[in-house]
Structure formats: C-alpha cells, structure tokens
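> I'll drop the sequence and a predicted model, then ask my questions.
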Amino acid sequence: MFSRISTRLFITQLCILLTLSAIFIGLFVYTAPLFLQELNQRLNLDLADNIVKEKKMILNNKVNQKALKAVLNGMMLVNPSIEIYITDPAGKIMAFSAPEGAVKRKQISIEPINEFISSKTHLPVLGDDPRSTDGYKAFSVAPIKNGNNLEGYLYIVLGGENYDSIFNFLESSYLLRSWLAAIAISLVIASILAYFLFRYITRRVYILSDAIEQFKKTDFTTPVSLPERFDGITGDEIDQLGSTLLQMSDRIIQQVKLLKHNDSSRRELIANVSHDLRTPLASLQGYLETLLLKKEIVSDDEAQEYIKTAFENSQRLQKLISELFELASLENNDATLHFEAFSMSELAQDVSQKFKLHAKNKDITIETKIPEKPVFVSADIGLIQRVLENLIDNAIKYTPTGGTVEVILGTGESSVATLIRDSGQGISDDEAQFIFDRFYRVEKHRDEDGSGLGLAIVKRIMQLHNRSISVSPAPDKGTVFSFDLPYATF
C-alpha cells in the first residue's frame, strides 16, 4: 500500500502538516492569554493613577472607606470584573473589594509593582493574585502618597474571578474550538490537494516504472515505449530521465544482441579452431607415427615425402596459431597504434615485389600502378604492410593460372586510395557480406591451406585506423578490395 511514491509523499506531507498544526495550536494556547493580558493592561494602564488623583484613598494612615466605596460603585458600573486592593508600602493588604473569605493572601509582592511603575513599556507585567496562593494577574497600580511620604498602593486586578471563568470559557469553547475547526478544515483541504498534486506530478514516474517493468519482461529485447513528451529537449528532470531511459534501452538491446552475437561467434570460433587445428595435427601425427612404426620398411623417398608433408602441416599449423594470436592482439582494447608519415608508393612497391616470385610460380602476373611522385600517408606502417600482404596473398590464391593481380594507388583531395584487383572468379553479393568474418572461405575446397583469418585481420586493422575496407563483388570478373588513408602532414 505504501510502496507508491505518491502515497509516501502524501504521508510525509500529512505528517509535516500535523506537526506544524500542533506547533501552531501550542503557540496559540500559550500566547493567547499573554496577548489578552497585555491588551487589557495597556487599555487600563493609567486606571489606578486616575483614581488616586481623584480620590484620597488613605486618611490618617487608615483606608478611606467612603472613597473606597465610591470607587467600587463606579467600577461596578463600568467593569464589574475589576477587583480593587489597598496595601501598605510593604504590600500588606489593608482593604479589598472581594467578598469576605475570597482573599487567600495577606500580602502581595512589591517587585512586580515597582517594575510596573518604573517602566510601562515591557508588558504584560503580572502581579500576585490575592484570590490565589500561586496565581498571577495583569494589574494596574499607583502609589498613594501624602506629600512625599508613601502611604501605600492602590492595586487593581484587571481580571477577577468572573473574568477568569469567562476567559476560560472563551479559550476552551469559542476561540479554541474555532481555531481548531479552521485548522482541521485547512488540513483536510491541503491534504486532498496535496494528494492529487502528488498523483499528478508522479504519474510520469509510474509511466517510467511500468515501461521498465515491461522492458524487463521482454528480457531486454523490445525497445521501451514512452509518450512523445519524454524527448529530453523540454520538460523537467523526469522527462529527461525518460529520454535517458529510451537511449539506455536502445543501448541495452544493442549490447544484448552483441553479446548473443559474440557468444555465437565464440562458439563458432571454437568449432572452427578445433576443426582447423585438428586437420594439420592429425596429418602431422599420422605421418610421424608412420615413420616411427614403419621406419624399417619405408623407403628413403617415402620417408622424405612423409617428412615434407609433416613439415608443411606444421607450417600450416604455425601460421594458423600466429594469425589467431595476431587477431586476438588486434582485438584487445589496449591495442595501440604507432602513427608515422611514410611513402605509400614505396610500401606498395616493396610488398608487391615480395610476392612476385610466389605469383610467378603460379604463372600469375603482379602489376603495380603507382603515381610517379611519392604519396605520403599517416598510419601505422607495420599494420598497413600487413593489410597489403594479406590482400595480395588472398588475391593470388583466388586468381587462376595466367591471371593478373593489380596494386593501384589513387590520389584524392584528402586521402590516398589503395586498390587490390584480381582477375579471378569473383564473389557473389551474398558471400561478400561474410567475407571479413573469421574462418569464412569463399571456396573452401579450393583453399584448404587458408586459415580464413586474413581478411578478418585486415578489417580489424582498418577499424583501428578509423577507416573501412570495402569489396566490390563481380562474379566471373574478379574482385576489388579497396581502402584509403589520409595524407601525412609535415
């Protein structure tokens, strides 16, 4: 029930509102009486002074009962909640307006009286309530003097017992209940609005959550589908998160496909390697075993033929292993290239010259078409030499007797193009898309000596140079491999 983010946000917001409401009510209950006492004291600030100026409350060190009675009669008409007390200079109560037996104290504290008289700005100042042994009330006080002699104080409690009961009624019934009702209504309205607001804001989070769940159910093979608003161009962080999710799902799908492809390639590689290693190994083992077991009956010519065949198989095995290690090294993410400026003309001429004897033995002609002026490129010369060797060697293998292999250099605006063209049988469009795969052979029955790794090595070397190798299939018209390299800058 509480797993949805909108519900948790709502509960959090509700707890905050309840806490703030409790704090507000507590402050109100605490400060409301102080405010009312301050207000009452300010309104009656000079009440005691005015009475003392008009009436002589003490005569001959005794309370003037006539004046006290007159004051009480006047106060009963104006404000019956007021209680009047007359004290001596030490605060001892000499007379009061309260009923007999209601007064609980015989003396009140002088400190609040002096504080009130000395400063009437910091209010409220609370003094002793004669009706209570521990109560305090707002008051108005004035000294009663005879000339310069202090005879006592007129101490007026501004809220008597009746005032207490009325105030308590207002506090507990009218004011407090009104405020509580207002707060409760506000809390309910705010909670309802907050709930729907959180639902509105987080609805996009639910969309993203559902999309991720569906993506998970499809085993990360079906792209995430989201509304158009999750474009990452406009909107807030949630919209940007949706855009990132779309990009991430596409990347995950690509990675899953790549992993499946790599797994399939790995299985195929293991099968191909096992097959290609088994054949020369079996042949090598067979001839050596024959020599070992039948050395006495095998003629010298037969032994020589067996040794020659075993040697050829060992060479084939060595070449296959070397090319496997070479391809593995090139496919390593840590493979580094050493770029330098060199003459592509000289390199093409040197590599072509290297294969001329091999081609001549097969009655194949190697022709070079190179610009008169040297053309310089920037690349890893060792790896580019390997590309030329593999492409020329591959062309010779698939060129029939009497055919021609051409090595052509062409200059462009920003790069040098290299073409290797043969006059062989060519390849079909269907075969062209697989020709750079490891262990793939166009005509396996014609090329048992080939490893099927030469063109895969060429492709990887060009990828490391951020370049591509292309093939132009033309059945019965030969094949053209081409790549380009940027000019060297000096």
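Thanks, I have it. Numbers count the residues shown, from 1 in each chain.
> switch to C-alpha atoms for all contacts and neighbour counts from now on
Fine.
> Can you get me a residue count around Gly74?
Using other CA atoms under 10 Å, Gly74 has 12 other residues around it.
> Okay, it and Ser97: tell me how far apart.
Applying CA to CA, to the nearest Å, the value for Gly74 to Ser97 is 12 Å.
> Next, the contact list for Lys362, please.
Neighbouring residues of Lys362 by CA atoms under 8 Å, 6 or more residues apart in numbering: 401-402.
> Revised request: answer the last question for Phe139.
By CA under 8 Å, 6+ apart, Phe139 lies in contact with 41, 125-127, 155-159.
> Equivalent analysis for Arg460, please.
327, 330-331.
> ok, 10 Å please
327, 330-331, 387, 436, 466-469 (CA atoms under 10 Å, 6 or more residues apart in numbering).
> Where does it fall, secondary structure wise?
helix 454-464 (DSSP states H and E).
> Quick check: mean pLDDT of that helix?
Mean per-residue pLDDT for helix 454-464: 88.
> Contacts only, for the nearest residue to Leu391 once chain neighbours are set aside.
Distance criterion CA to CA, 6 or more residues apart in numbering; nearest residue to Leu391, sequence neighbours excluded, is Ile420 at 6.8 Å. By CA under 10 Å, 6+ apart, the residues touching Ile420 are 368, 388, 391-392, 394-395, 405-409, 471, 479-483.
> Check Glu323 too.
Contacts of Glu323 (CA under 10 Å, 6+ apart): 317, 329, 451-454, 456-457.
> hmm, 8 Å instead?
Glu323 neighbours (CA under 8 Å, 6+ apart): 453-454.
> give me the element it is part of.
Element membership of Glu323 [criterion: DSSP H and E] is helix 300-331.
> Which stretches in the stretch 151-300 of the chain count as helices?
161-169, 176-217, 237-293, 300-331 (DSSP state H, counting those that start in this stretch).
> In TSV: the ones you listed, plus distance to Ser343 and mean pLDDT.
Formatted as TSV, those follow (distance: least, CA to CA, whole Å; pLDDT from 0 to 100):
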stretch	distance to Ser343	mean pLDDT
helix 161-169	106	49
helix 176-217	53	82
helix 237-293	37	79
helix 300-331	24	80
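> In a markdown table: those, plus distance to Asp430.
Converted to a markdown table, those look like this (distance: least, CA to CA, whole Å):
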| stretch | distance to Asp430 |
| --- | --- |
| helix 161-169 | 99 |
| helix 176-217 | 34 |
| helix 237-293 | 19 |
| helix 300-331 | 25 |
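> Which among those is found nearest to Asp134?
helix 161-169 (14.3 Å; CA to CA).
> ok, so what distance separates the most centrally placed residue in the chain from Asp250?
Against the mean C-alpha coordinate of the chain, by CA atoms, centre = their mean, the closest residue is Leu241 at 8.6 Å. Using CA to CA, Leu241 is found at 14 Å from Asp250.
> Kindly report the same for Asp128.
From Asp128 to Asp250 the distance is 81 Å (CA to CA).
> When those two are compared, which one has more neighbours?
Using other CA under 10 Å as the criterion, Asp128 and Asp250 rank with Asp128 on top: 21 against 17.
> List phi and psi for the more buried one.
phi -60, psi 140 (degrees, to the nearest 10).
> Show the contacting residues for it.
108-109, 134-137.
> I'd like to know which of the contacts of Ile420 are buried.
368, 388, 391-392, 394-395, 405-409, 471, 479-483 (16 or more other CA atoms under 10 Å).
> so of these, which ones are in helices?
The members of the buried ones among the contacts of Ile420 that map onto helices under DSSP state H are 388, 391-392, 394-395.
> quick one, domains of the protein?
6-168, 257-331, 340-486 (automatic domain parsing).
> Tell me which of these sits nearest to Ser191.
That would be domain 6-168 among the domains of the chain, by CA to CA, at 6.4 Å.
> Got phi/psi on Thr418?
According to degrees, to the nearest 10, Thr418 has phi -120, psi 130.
> rewinding a little: need the least confident one among the domains of the chain, by mean pLDDT.
Minimum mean pLDDT among the domains of the chain: domain 257-331, a mean of 77.
> Now the terminal residues of it, how far apart.
Terminal-residue distance, domain 257-331 (CA to CA): 19 Å.
> Please compute how far it lies from its chain's middle.
53 Å (CA atoms, centre = their mean, to the nearest Å).
> before we move on, what about stretch 425-432?
That offset, for stretch 425-432, works out to 49 Å (CA atoms, centre = their mean).
> Which residues belonging to it are considered buried?
So stretch 425-432, judged by 16+ other CA under 10 Å, has buried residues 425-427, 432.
> from those residues, which is closest to Pro33?
Ala432 (95.7 Å).
> what sits against the closest one?
Contacts of Ala432 by CA under 8 Å, 6+ apart are 471, 473.
> Can you tell me how far it is from Asp363?
27 Å.
> Ok, Phe10 next?
Computed as CA to CA, the Phe10 to Asp363 distance reads 87 Å.
> Between the two, point out the one with more neighbours.
Phe10 (20 against 16).
> list the helices and strands the strand or helix carrying that one packs on?
Using DSSP H and E, Phe10 sits in helix 5-43. Based on contacts counted as 3 or more CA pairs under 8 Å, 6 or more residues apart in numbering; DSSP states H and E, the elements that helix 5-43 packs against are strand 136-146, helix 176-217.
> Would you mind giving the orientation angle of whichever helix or strand comes after it with respect to strand 136-146?
Per DSSP H and E, helix 5-43 leads on to helix 47-54 as the next helix or strand towards the C-terminus. Per axes from the mean of the first three to the mean of the last three CA atoms, to 10 degrees, the angle that helix 47-54 makes with strand 136-146 is 20 degrees.
> going forward can the numbers begin at 221, since that is how I track them
OK, 221 is where the count begins now, so the last one is helix 267-274.
> what lines up beside the helix or strand that comes right after helix 267-274 in the sheet?
Scanning forward in sequence from helix 267-274 by DSSP H and E, the next helix or strand is strand 278-279. Counting by DSSP bridges, the strands paired with strand 278-279 are strand 282-283 (antiparallel).
> so how far is the strand it pairs with off the chain centroid?
On the basis of CA atoms, centre = their mean, strand 282-283 is displaced by 85 Å from the centre of the chain it belongs to.
> circling back to that earlier point, the domains of the chain into JSON lines, with extra columns for distance to Ser445?
JSON lines is the format used below for these (distance: least, CA to CA, whole Å):
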{"stretch": "domain 226-388", "distance to Ser445": "23"}
{"stretch": "domain 477-551", "distance to Ser445": "19"}
{"stretch": "domain 560-706", "distance to Ser445": "32"}
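> what's the closest of the ones you listed to Asp439?
domain 477-551 (11.5 Å).
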